[in-house]
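Q: Turn this into a structure:
(2 chains)
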Amino acid sequence: MTALPATSDAGRDRVPVGRSIRLVVILAILAGLAWYTVQKLGIDQATEQLVNALTRGAIYALIALGYTMVYGIIELINFAHGDMFMMGSFVSLTFLGTILGLNGAINDIVPLIGLLILAFIVAMGVMGVVGVTIERLAYRPLRNAPRLAPLITAIGVSFILQNIVQLRYGPFQTNSPKIFPDTWFIQLGGARIPVLSIFIIAVAIALMIGLQLFIGRTRLGRAMRATAADRDAASLMGVNINRTIAITFLIGSALAGAAGVVNGLQYGVARFDDGFQAGLKAFTAAVLGGIGNTMGAALGGFIIGFIEVGSAAFGFTRWGPAIVFGTLVIVLVFRPAGLLGQQLGERA
Amino acid sequence: MKYARVGVALAATAIVLSACSGSSSGGKTIKIGISLPLSGSDLASAGPARDGALLAIKNFTAPAGWTIQTTILDHAVNGVHDPQQGAKDMTTLVSDTQVVGVVGPFNSSVAKVQIPISNEAGLLQCSPANTNPDLTKGDAGLQLRAKNPTKINYIRVATTDDIQGPAVADYAYNTLKLKNIAIIDDTETYGKGIADAFSGEWTKLGGTVVGREGAPKGTTDYTAILTKFAAAKPDGVFYGGVTSTGGGLVRKQMAQANLGTIPYLGGDGIQDQNGTVAGSFINIAGAAAANSFSSVAAIADYPGKADFESKYKAAYNQAAGAYSASGYACAQVILQAITTAAGKGDITREAVRTAGSDPATTFQTVLGPVQFDAVGDTNQKIISLYKVDMTAQGGKGDWIFDSQVNYGTK
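A: Numbering: from 1, shown residues only, chains lettered A, B, ... in the order given. Next up is the predicted model:
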């Protein structure tokens, strides 16, 4: 994939004028959409829906990062990744609900922050370990097998994870303690912005920035980029391939765990097959942004959040998925490599 | 899912075995099928219906020379009722020539695909819970029984949503004094149907519908829809659908949209077991379930209530659910039809169907005397209304009977 000549970078250098025109057109369309939204919904609801869209987009983006990282480094579409997110929700609800016995909201800020940090550490830690284990047991033995073998294995892993959770929790919605008070709001003019949404968006953005810094600035990040660019060459240069790939899975799965915690706080339930829908959307987000590209995955996640919330806000809830996948088709027709191109190989 | 199915199969086998050993009469065997969603969120409401039906069959004395067995099929797939699986199960029951009657299904979307199959085979089917009017009435009903339009084989002891929906609307308007309602449905046969019926009556009463949305099962995020509703300042939200397709989730997320304190109304779809039962509406919504109201398309204060509930408690060591008596009544109707058929000679599928769907017969059931009209609908047009009491079940919450309205007399 990294050798594709059709990546956007090549085009960018040749026609900078075309690029800036395109940028102006895109900004004009976005401004038009924003203007229409405010006209249609009123500024207050438009602001609230904007926050809803960012919140949902943040969760998709966190999951999409895992897809894109794994694809970037071993070109595997890890179909079990959506289920890692689902398991993350269950780890979080088990920790908060069953182990700590929490049920309702925690209204004191200090214990709340402490519990949230603990929940993130536990869910991200457990899921990171699960991710590395799956990579070791299911994907590493197939690393040099034909492409289809690990793909099918990933689907198998997805079923295994779903069934483990179903056996343990049963096939219904399980309560996830909403420890973050949903009565906290910030009044912004006539709009009420839930503090929880701001928290979720902040956590997601912090994790994404952290990931960018890690990939761009650290030795391990450089090893990841090298492995993605050319595994054999990286190996000859002394990069420990197995360890690098394991770390990729560790980070991707930990991010899915974080998305699981956030999901539980926001929606208050988890179900063993939540991973399917969420995984599909996040995968779409990754492809939309340019699979293999971490910035693209984040962008794609937010775009899908906006499309879904937008269609609900304008009264086309049922059309949400159709618009999401329709957008994907249109984007892929004009930019087969996704919005930002597949660039993990070059720049991560 | 596999495990759940194996479990059900084992349970069914165990019941069949015990039925065999229990009756010494021997002779010819007939079977009663039970086709319900029996795993996942649907178990909370459909399980009690199954147990009610089994209790009726256990208490029944088979006509001399006959043995009655039970076949239980679960059409919940991945924890939610699945019409496709329901159709497969009905085909299984139809192809077993010993099956003379079926109790089920629970959800109207499943009934919609089962009725054409059972109608073609002329197999008597009694639903304890289906409420969608289009299953029996008018052209839609005729279409479902296209093979044998005049041979009624589908009957039900629950009354229809064209009565249930308006009953909830009456209650919301006259008792709760609400004026502006936002409506959300799960886009299924039952959910959309009851929401439409509610909406129609609501406007007729003089109330305003400030928002109407549909979100299919599998939706986890309702915040966008609820934010939209909140902008229209409703004083109540009506949900058309069942718990497993989102009934509890909507209630739970209303607080985020600043709608947490207004009443939440629904039909029998959200009226399942108490807050201690995993997957029930109150369990999923948690503390947010307070101030919720629901209806059941069945009589709550039925004549034999105290006696039935003590028998049920003795048999299963748990309290009867909202549909236990309905399941019991359905089995009673089929059993009485079997007795009638036996009295006239042979117990055949056709004889049982004729006896069970005869509009002239009054069936003595636990719900009281029941007659079925020319399309198979019950003459008991009674709706019971319930509200959530979060102090019940040690703070976990339960549905408390509020009132019942008889629309048969209106």
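Q: And the pLDDT at residue A:18?
A: On pLDDT, residue A:18 comes in at 74.
Q: what sits against it?
A: Applying CB atoms under 8 Å, 6 or more residues apart in numbering or on different chains to residue A:18 gives no contacts. From N, CA and C alone the C-beta is placed, and that goes for glycine too.
Q: so it, which of the three states?
A: Three-state assignment for residue A:18 (DSSP: H, G, I helix; E, B strand; the rest coil): helix.
Q: Okay, it and residue A:27: tell me how far apart.
A: 15 Å (CB to CB, to the nearest Å).
Q: swap in residue B:222?
A: Distance from residue B:222 to residue A:27, by CB to CB: 32 Å.
Q: quick one: which of the two has more around it?
A: Using other CB atoms under 10 Å in any protein chain shown as the criterion, residue B:222 and residue A:27 rank with residue B:222 on top: 24 against 10.
Q: residues touching the residue of chain B found nearest chain A, list them.
A: Per CB to the nearest CB, residue B:79 is where chain B lies closest to chain A, at 2.7 Å. Residues near residue B:79 by CB under 8 Å, 6+ apart: A:166, A:170-172, A:271-273, B:1, B:39-42, B:244, B:279.
Q: so where is the chain shaky, pLDDT-wise?
A: Picked chain A for this. A:1-16, A:342-348 (pLDDT under 70).
Q: try again with chain B
A: In chain B (pLDDT under 70), the answer is B:1-26, B:409-410.
Q: Okay, helices next: where are they in it?
A: Ranges of helices in chain B, per DSSP state H, are B:2-22, B:43-58, B:83-95, B:108-121, B:138-144, B:161-170, B:189-205, B:223-231, B:247-253, B:281-285, B:305-316, B:324-343, B:349-356, B:392-395.
Q: Give me whichever of those is most buried.
A: By mean neighbour count, with neighbours taken as mean count of other CB atoms under 10 Å in any protein chain shown, helix B:281-285 ranks first of these at a mean of 29.
Q: That one vs chain A: in contact?
A: Yes - using CB under 8 Å from any CB of the partner chain, a contact is recorded between helix B:281-285 and chain A, made by B:283, B:284.
Q: Skipping adjacent residues, who's closest to residue A:136 in space?
A: Once flanking residues are discounted, residue A:136 sits nearest to residue A:246: 7.0 Å by CB to CB, 6 or more residues apart in numbering or on different chains.
Q: now for the helix or strand hosting that neighbour, which elements pack on it?
A: Using DSSP states H and E, residue A:246 maps to helix A:241-267. On a contact count with 3 or more CB pairs under 8 Å, 6 or more residues apart in numbering or on different chains; DSSP states H and E, helix A:241-267 meets helix A:16-74, helix A:81-93, helix A:109-134, helix A:195-217, helix A:219-229, helix A:231-236, strand A:269-270, helix B:247-253.
Q: residues touching the residue sitting nearest the centre point of chain B, list them.
A: Nearest to the mean C-alpha position of chain B, by CA atoms, centre = their mean, lies residue B:129 at 2.2 Å. Residues in contact with residue B:129 (CB under 8 Å, 6+ apart) are B:45, B:46, B:49, B:106, B:107, B:156, B:158, B:268, B:297, B:323, B:326.
Q: In contact with the last one: list those residues for me.
A: What it means is residue B:326. Residue B:326 neighbours (CB under 8 Å, 6+ apart): B:49, B:52, B:128, B:129, B:157, B:158, B:298, B:367.
Q: likewise the fifth one?
A: Shown in contact with residue B:107 (CB under 8 Å, 6+ apart): B:37, B:42, B:81, B:83, B:129, B:130, B:188, B:189, B:190, B:242.
Q: can we see that at 6 Å?
A: Residue B:107 is in contact with residue B:81, counting by CB atoms under 6 Å, 6 or more residues apart in numbering or on different chains.
Q: Give me the phi and psi for it.
A: phi -110, psi 140 (degrees, to the nearest 10).
Q: what's the spacing between it and residue B:81?
A: 5 Å.
Q: Determine the three-state secondary structure at residue A:105.
A: Following three-state DSSP, residue A:105 is assigned to coil.
Q: What's the local residue count around the closest residue in space to it that isn't next to it in sequence?
A: In this structure, residue A:105 finds its nearest non-sequential neighbour in residue A:181, 3.9 Å apart by CB to CB, 6+ apart. Residue A:181 has 18 neighbours, counted by other CB under 10 Å.
Q: Would you verify that residue A:181 is located in a strand?
A: No - going by three-state DSSP, the assignment for residue A:181 is coil, not a strand.
Q: How many neighbouring residues does the residue lying closest to residue A:185 once chain neighbours are set aside have?
A: Excluding its sequence neighbours, the residue lying closest to residue A:185 (CB to CB, 6+ apart) is residue A:192, at 4.3 Å. Using other CB under 10 Å, the number of residues around residue A:192 comes to 18.
Q: Any idea what residue A:192 is bridged to?
A: residue A:187 (DSSP bridges).
Q: wait, isn't it in contact with residue A:186?
A: No - the criterion here is CB atoms under 6 Å, and residue A:192 misses it with residue A:186 at 7.4 Å.
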